[in-house]
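Q: Sequence below, structure please.
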Amino acid sequence: MVGAVALCPALLMADFSYKETTRLTGGAIMQMSRALGGLSKSMRKVGEPQVSSVYVKGNRMAHVGESNAQVWDLDKETITEIDLEKKTYSVITFAQMREAMERAMAKAKERQGKEQPKSGDPQGEMNVKVDIQETGKTKSIEGLTAKEVILTFIIEGKDKKSGQSGQMQTMSSIWVTEKVPGHDEYVAFQKRMAEKMAAQYSQMAKMGPGMMMGLDPNMRDSMAKMAAEAEKLQGVHLRQVTKMGNNLDPRTAGDVTDPSTMPEGPTGGQVAEKAAGSAANSAAENALRRSLPGGLGGLGGFGRRRKEKAPEPAPAQQQQAQQQNGVLMEMLMEMGQFSTGAVDGSRFEVPAGFQQVEHPMMKMR
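A: This is a model prediction of the structure:
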């Protein structure tokens, strides 16, 4: 009877999985990657979709991407990081992570005290504005009814000494649905994980408010406002378009740029071919100039290369540049392929033959 009661929680837990796709779609960063993509393999990958799968099974959760994976085990109280490319893995316990984070927060607090001006008068002013608005728009995503919410976050800074000021704006178009079949299992796992962490991070909870009190009053007020309006963001975020930059327009917050409309830069082979051709032309011109009698090669620009006029940008490119003006980064995140089917237990295991290495956070201890 006792054994049956002990098994009940495990029997009540259902499996759940879904896929998440994140992609950089626009902005100055994307333009740069397109311009240099022909010369750099890493720059070509900037705009490629990053797909990860999330699996929940009882007290275990795994995030599996193309190059790495992370496994949370609430029974063992461990987090396992797996590098699928290097074929290595590392493990850290909740207690070890708490210790590392406590040290990091203590150092941050100490650094904050040293950097604070002796006069007590901050040399800069910072103002934070947060706004969360429902647009009233709805649409079907993955067969689910979702509503659009616009989240705007603006940080304004001003240096008292020079008088210079600037701002950075982040705007997100978030499509939220109230309920996804099976998603309750994911939420329940997060709650159980929070309960596990509560005991481990009790000391950090005492340090946190102290550091919060050191924040700019406007920052604290903005965080309080955001917490009060967070009800508008409750639910499952099926689709999110995030833009960073200046002068962002809420009316186009949900628009996604097609990266293929951006001009591509030359490949390494094209650059080498052009350079070789330019060198050959220069050598031929110099030889011709030297062969002419009386230095005629230097008269009237004869034999000299005529400066090429830069081609006018195509109308489509001009329009694209205008659209990208003020946007530093544009990113699209989508969730889908939700499933309540059984999850294979191997999803939470380290592949055979992988070598164990030290966890990065262990170095902070």
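
Q: Helix or strand for residue 350, just tell me which one.
A: For residue 350, there is no helix or strand it lies in under DSSP states H and E.

Q: And for the residue lying closest to it once chain neighbours are set aside, the neighbour number?
A: Take residue 350 and drop its neighbours on the chain: the residue closest to it by CB to CB, 6 or more residues apart in numbering is residue 89, 4.8 Å away. For every residue, glycine as well, the C-beta is placed using N, CA and C. Other residues near residue 89 come to 20 when the count uses other CB atoms under 10 Å.

Q: what do you get for residue 340?
A: Under the criterion other CB under 10 Å, the count of neighbours that residue 340 has is 14.

Q: Quick check on the closest residue to it other than its chain neighbours: phi, psi?
A: Excluding the flanking residues, the one nearest residue 340 by CB to CB, 6+ apart is residue 182, at 3.8 Å. Comment: the main-chain dihedrals of residue 182 come out as phi 90, psi -20, following degrees, to the nearest 10.

Q: I figured residue 182 was touching residue 342, is that so?
A: No. Applying CB atoms under 8 Å as the test, residue 182 and residue 342 come out as separate, 11.8 Å apart.

Q: okay, those two: which has more neighbours?
A: residue 182 (17 against 10).

Q: got the contact list for the more buried one?
A: 14, 16, 338-340 (CB atoms under 8 Å, 6 or more residues apart in numbering).

Q: Would you check how far apart it and residue 353 are?
A: As judged by CB to CB, to the nearest Å, residue 182 and residue 353 stand 33 Å apart.

Q: Could you work out the most separated pair of the contacts of residue 182?
A: Maximum pairwise distance in the contacts of residue 182, criterion CB to CB, is 12.4 Å, between 14 and 338.

Q: Which one of those two is surrounded by more residues?
A: Looking at residue 14 and residue 338 with other CB under 10 Å, you find the greater number of neighbours at residue 338, namely 20 against 16.

Q: how close does residue 102 get to residue 96?
A: Residue 102 is 11 Å from residue 96, by CB to CB.

Q: Residue 60 too?
A: Distance of residue 60 to residue 96, given as CB to CB: 19 Å.

Q: do the same with residue 172
A: In this structure, residue 172 lies at 34 Å from residue 96, with CB to CB as the measure.

Q: And residue 183, by the same measure?
A: Distance, residue 183 to residue 96, by CB to CB: 30 Å.

Q: before we move on, what about residue 83?
A: To residue 96, residue 83 is 19 Å away according to CB to CB.

Q: ok, these two, which is more surrounded?
A: In this view residue 83 and residue 96 are compared by other CB under 10 Å, and residue 96 has more residues nearby, 19 against 15.

Q: Let me see the backbone angles for that one.
A: The main-chain torsion angles of residue 96 are listed as degrees, to the nearest 10 and equal phi -70, psi -40.

Q: now residue 33
A: For residue 33, the backbone dihedrals are phi -70, psi -30 (criterion: degrees, to the nearest 10).

Q: so what's it closest to, chain neighbours aside?
A: Going by CB to CB, 6+ apart, residue 33 has residue 46 as its nearest residue, at 3.7 Å.

Q: got the contact list for that neighbour?
A: Per CB under 8 Å, 6+ apart, neighbours of residue 46: 24, 29-30, 33, 37.

Q: pLDDT, secondary structure and neighbour count for those - can I get that in JSON lines?
A: What follows is these, written out as JSON lines (pLDDT from 0 to 100; DSSP: H, G, I helix; E, B strand; the rest coil; neighbours: other CB atoms under 10 Å):
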{"residue": "24", "pLDDT": "90", "secondary structure": "strand", "neighbour count": "20"}
{"residue": "29", "pLDDT": "82", "secondary structure": "helix", "neighbour count": "17"}
{"residue": "30", "pLDDT": "83", "secondary structure": "helix", "neighbour count": "23"}
{"residue": "33", "pLDDT": "79", "secondary structure": "helix", "neighbour count": "23"}
{"residue": "37", "pLDDT": "62", "secondary structure": "coil", "neighbour count": "20"}
